[in-house]
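Visitor: I would like the atomic coordinates for the input below:
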Amino acid sequence: MTHSDQPSPLQARSGGALTGRVRVPGDKSISHRALILGALAVGETRISGLLEGADVLNTAKAMQALGARVERHGANGAAVWSVHGVGVAGFAPPDAPLDFGNSGTGCRLVMGAVAGCPIVATFDGDASLRSRPMRRVLDPLELMGARVGDAQEGGRLPLTLKGARDPLPILYRTPVASAQIKSAVLLAGLSAPGVTTVIETEASRDHTELMLKHFGAVITSLREGSHGRRIALAGQPELHGAEVVVPADPSSAAFPIVAALIVEGSDLVLTDVMTNPLRTGLFTTLREMGGSIEESEVRGDAGEPMAQFRVRASKLRGVEVPPERAPSMIDEYLVLAVAASFAEGTTIMRGLQELRVKESDRLEATAAMLRVNGVKVEIAGDDLIVEGRGHVPGGGLVATHMDHRIAMSALVMGLASDKPVTVDDTAFIATSFPTFIPMMRGLGAEFS
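Guide: Prediction:
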């Protein structure tokens, strides 16, 4: 719906070392939340470093359609976005369906925000998003008083959501570790009287909690069990517009980082990379594999820490990645599998069931990406097992399944494989990392 039907194939081949200093685009999770909370606040929110990818731009359009004023100021590379909000529960009914393109995050979080408003809105997206499950978010929102109509089978898009006139605060235990479920409940809970509580058995990324606090909400997050959290939000606050500096996205930084580790002689510096501990599982794992990743210049903004990374080519070894690390790196397993392919020995990644309900079935798609390039890989239940031999034969054509992370992971693989690697379509890279191809070429990557 939001992308051209004409595929854009690309081939990556090994060449010289990757060198230079870059800042990858702003974090997608923070960008979505800054726009949404800015729209629910009173006054002006100014956002610098916003990721200007298709996913985030669709969220910006949705906020405009719901009554907020969203404007972009300045030139490329130094743009500042302003959002003039409508206040908690202040959204207006949109004149047309809200189209989120490929973005599950934008769609599910806005569902939560709309669920607490007495309006009706229709949610839609591209073919990939239409195939993804929404029931896990809709179930708690219905407990809070929202109603779903005209949904496709299994609660899939397109669907119509009628927000609650008198939303109810609830205590909700998330069935899986999902920041999207938690965030949707908390955003709906802004409009409810009393306290809305979310309990997680496994802690998911906490960007919503940190940003709610930054905008003036009263919210607490306490440890629950061995790995979980109990988050309690006081409803009906008056959120105030805020300044937000979006740090560089660690999920986007993952691609040049892995590329630098596997391409001989590489030496890269990446600036302002978010180092929130609930997002750094990949960096922990790569260091365990022997990767040279050094941090310096640590600082923070809006509760989010960030640092400069220096990454140098390294000899990697296979490791076992525990299942409890999955929430902190769920989007990075694809490119970790690439690193594991170039390592010596077996890498076992456990507990990856969430990969089956992403933009594609990423578990199967990752295995297929490796197999077509000569890597021995096995799926055992929800575990991915990669037999690394220190090199990758390459030569394969990778089916991306409209998934930006598969496309970028395969291109990274091709930069160090024996033979070039081709991806069938790069169009969807624009959803999260629109500058990926020119940025990597500027560092020395050979794409054609």
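Visitor: for residue 220, which non-adjacent residue is closest in space?
Guide: residue 232 (5.0 Å; CB to CB, 6 or more residues apart in numbering). Where you see a C-beta, it was placed from the backbone N, CA and C, and this is true even at glycine.
Visitor: helix/strand/coil for the one you found?
Guide: strand (DSSP: H, G, I helix; E, B strand; the rest coil).
Visitor: and the gap between it and residue 223?
Guide: According to CB to CB, to the nearest Å, residue 232 and residue 223 sit 13 Å apart.
Visitor: so the two - more neighbours on which side?
Guide: residue 232 (18 against 10; other CB atoms under 10 Å).
Visitor: so which residues of the stretch 101-250 of the chain form helices?
Guide: Using DSSP state H, counting those that start in this stretch, the helices found in the stretch 101-250 of the chain span residues 104-115, 127-130, 135-143, 179-189, 207-214, 250-262.
Visitor: for those helices, which has the smallest mean pLDDT value?
Guide: Lowest mean pLDDT within the helices of the stretch 101-250 of the chain: helix 127-130, a mean of 92.
Visitor: identify the residues contacting the residue nearest to residue 220.
Guide: By CB atoms under 8 Å, 6 or more residues apart in numbering, the residues touching residue 232 are 195, 196, 197, 219, 220, 221, 222.
Visitor: mind doing that once more with 7 Å?
Guide: Applying CB atoms under 7 Å, 6 or more residues apart in numbering to residue 232 gives the contacts 195, 197, 219, 220.
Visitor: how about residue 192?
Guide: Residue 192 sits in contact with 116, 144, 167, 168, 169, 235, where contact means CB under 7 Å, 6+ apart.
Visitor: do residue 52 as well
Guide: residue 434.
Visitor: from residue 205, how far off is residue 349?
Guide: Counting by CB to CB, the gap from residue 349 to residue 205 is 18 Å.
Visitor: more neighbours, these two?
Guide: residue 349 (26 against 22).
Visitor: show me what that one is bridged to.
Guide: residue 321, residue 384 (DSSP bridges).
Visitor: tell me the pLDDT of it.
Guide: 97.
Visitor: please tell me I have it right and it contacts residue 384.
Guide: Yes - Residue 349 lies in contact with residue 384 (CB atoms under 7 Å); the separation is 4.5 Å.
Visitor: quick one, phi psi at residue 387?
Guide: phi -90, psi 100 (degrees, to the nearest 10).
Visitor: can you check residue 56 too?
Guide: Dihedral angles (degrees, to the nearest 10) for residue 56: phi -70, psi -40.
Visitor: how close does it sit to residue 102?
Guide: 11 Å.
Visitor: kindly report the domain assignment for the chain.
Guide: Domain segmentation of the chain under automatic domain parsing yields 10-26+247-447, 28-193.
Visitor: tell me where the model's unsure across this protein.
Guide: Under the criterion pLDDT under 70, the flagged ranges of the chain are 1-5, 76-77, 357-360.
Visitor: can you give me the buried ones in stretch 238-248?
Guide: 239, 241, 242, 244, 245, 246, 247, 248 (16 or more other CB atoms under 10 Å).
Visitor: and the end-to-end length of that stretch?
Guide: One end of stretch 238-248 to the other measures 29 Å (CA to CA, to the nearest Å).
Visitor: identify the residues contacting it?
Guide: With CB under 7 Å, 6+ apart as the criterion, stretch 238-248 contacts 23-24, 26-27, 30-31, 34, 37-38, 40-51, 85, 88, 214-217, 270-274, 301-302, 304, 306.
Visitor: the helices of the stretch 101-250 of the chain: which one's closest to residue 408?
Guide: helix 250-262 (4.9 Å; CB to CB).
Visitor: name the helices or strands packed onto the closest one?
Guide: The elements that helix 250-262 packs onto, with contact taken as 3 or more CB pairs under 7 Å, 6 or more residues apart in numbering; DSSP states H and E, are strand 267-274, strand 304-312, helix 333-342, helix 404-414, helix 436-443.
Visitor: same list (those) but as TSV, adding distance to residue 97 and mean neighbour count.
Guide: Formatted as TSV, these follow (distance: least, CB to CB, whole Å; neighbours: other CB atoms under 10 Å):
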stretch	distance to residue 97	mean neighbour count
strand 267-274	32	21
strand 304-312	32	20
helix 333-342	30	28
helix 404-414	23	29
helix 436-443	29	18
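Visitor: now residue 211: closest residue in space that isn't a chain neighbour?
Guide: With CB to CB, 6+ apart, the residue lying closest to residue 211 is residue 33, at 4.9 Å.
Visitor: list the contacts of the one you found.
Guide: For residue 33, counting by CB under 7 Å, 6+ apart, the contacting residues are 207, 208, 211.
Visitor: mind giving me CSV with the helices of the stretch 101-250 of the chain and columns for distance to residue 433?
Guide: Output for the helices of the stretch 101-250 of the chain, formatted as CSV (distance: least, CB to CB, whole Å):
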stretch, distance to residue 433
helix 104-115, 15
helix 127-130, 16
helix 135-143, 25
helix 179-189, 20
helix 207-214, 18
helix 250-262, 5
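Visitor: let's have these in TSV, adding mean neighbour count.
Guide: Output for those, formatted as TSV (neighbours: other CB atoms under 10 Å):
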stretch	mean neighbour count
helix 104-115	27
helix 127-130	19
helix 135-143	19
helix 179-189	28
helix 207-214	22
helix 250-262	27
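Visitor: which one of those helices lies closest to residue 423?
Guide: Closest among those, once you apply CB to CB, is helix 250-262, at 13.0 Å.
Visitor: what does that closest one contact?
Guide: 18, 22, 24-25, 28, 266, 268, 270, 273-274, 279-280, 282, 286, 291, 293, 309, 311-314, 316, 331-332, 335, 338-339, 342, 408, 412, 415-416, 432-433, 436, 440, 443.
Visitor: dump it to CSV, restricted to CA.
Guide: Extracted in CSV, the C-alpha atoms of helix 250-262 (Å, rounded to 0.1, in the frame of the first residue of the first chain):
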residue,chain,number,x,y,z
PRO,A,250,21.0,0.4,18.4
SER,A,251,18.9,-1.9,16.1
SER,A,252,20.2,0.1,13.1
ALA,A,253,23.7,0.3,14.5
ALA,A,254,23.7,-3.5,14.6
PHE,A,255,24.2,-3.8,10.9
PRO,A,256,27.4,-1.7,10.5
ILE,A,257,28.7,-3.1,13.8
VAL,A,258,28.4,-6.7,12.6
ALA,A,259,29.8,-5.7,9.2
ALA,A,260,32.8,-4.2,10.8
LEU,A,261,33.4,-7.3,12.9
ILE,A,262,33.4,-9.7,9.9
